[in-house]
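> predicted model follows, preceded by the sequence.
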Amino acid sequence: MNLSPIFKLKLRYAFEDNLKFQDIASDEDYLKELFEWTDRGVIFICDDELAGHSIFISDTKGFGGDKTFKILNTQHKDLFLWHIDGVLYGKNSKCDCAFLTESCIGFVEFKANAANSTELSIKENYEKAESQLRNTYLDVSSRCQKAGIDIKSLVSTKKS
């Protein structure tokens with residue numbers, strides 16, 4: 001497992017004011033809590049209520065395809081899932097998670113919980129998701145910029 005996609009972001013310095021990064025003796029102190037790793041060719045991400053954050057799953061059984069995010073990793077690169085909502089930040093304040101490889105980072109927000117199926121409810125959910133994604137990107141980008149890292153070139157803009 002190659003941890004350079006994580007270390008490249010200089011998270012310890014970018015988030016030095018965050019409690020997760022206070023009093024750490026080594027990188028392992030935050031890696032286990034903030035990240036999952038896989039090199040599977042096909043992997044899904046779901047927002048797991050039991051875990052309290054997003055997790056990798058190998059299939060969509062019990063979740064449904066509309067409540068998961070599918071990643072095709074055909075070259076079996078080291079792929080990391082970054083637990084954001086409820087782990088790095090307070091619950092429901094930022095997007096759910098991000099995935100990263102050596103050359104890409106993508107932010108993910110699940111919104112399968114509209115109050116009802118009216119157009120207004122769906123639009124409000126969409127707008128909240130868009131806001132959470134934007135706020136996460138702006139905060140992470142700003143923090144990484146202070147640590148000398150420009151993440152703009154790594155961000156995936158694919159929508160699904």
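Received it, and whenever you're ready, just let me know what you need.

> please name the bridge partners of residue 100.
Beta-bridge pairing of residue 100, defined through DSSP bridges, involves residue 80, residue 105.

> neighbours around it, how many?
23 (other CB atoms under 10 Å). C-beta coordinates here come from the backbone N, C-alpha and C atoms, glycine included.

> thinking it is in contact with residue 3, fair?
No: look at residue 100 against residue 3 with CB atoms under 8 Å: they stay out of range, at 10.9 Å.

> sheet partners, orientation included, of the longest strand anywhere in the chain?
Looking only at the chain and at elements set by DSSP state E, the strand with the highest residue count is strand 42-48. Counting by DSSP bridges, the strands paired with strand 42-48 are strand 53-57 (antiparallel), strand 68-72 (antiparallel).

> can you tell me the closest non-neighbouring residue to residue 35?
For residue 35, ignoring the flanking residues on the chain, the nearest one in space by CB to CB, 6 or more residues apart in numbering is residue 80 at 5.0 Å.

> after the worst-scoring helix or strand of the chain on mean pLDDT comes which helix or strand?
Ranked by mean pLDDT, DSSP states H and E, the helix or strand of the chain with the weakest confidence is helix 28-34, at a mean of 82. If you walk from helix 28-34 toward the C-terminus, the next helix or strand you reach (DSSP states H and E) is strand 35-38.

> and that next one, what's buried?
Of the residues in strand 35-38, those buried by neighbour count under the rule 16 or more other CB atoms under 10 Å are 35, 36, 38.

> closest one of the residues you listed to residue 145?
For residue 145, the closest of the buried residues of strand 35-38 turns out to be residue 35, at 21.2 Å, with distances computed as CB to CB.

> returning to what we had before: buried residues in the least confident helix or strand of the chain?
30, 31, 34.
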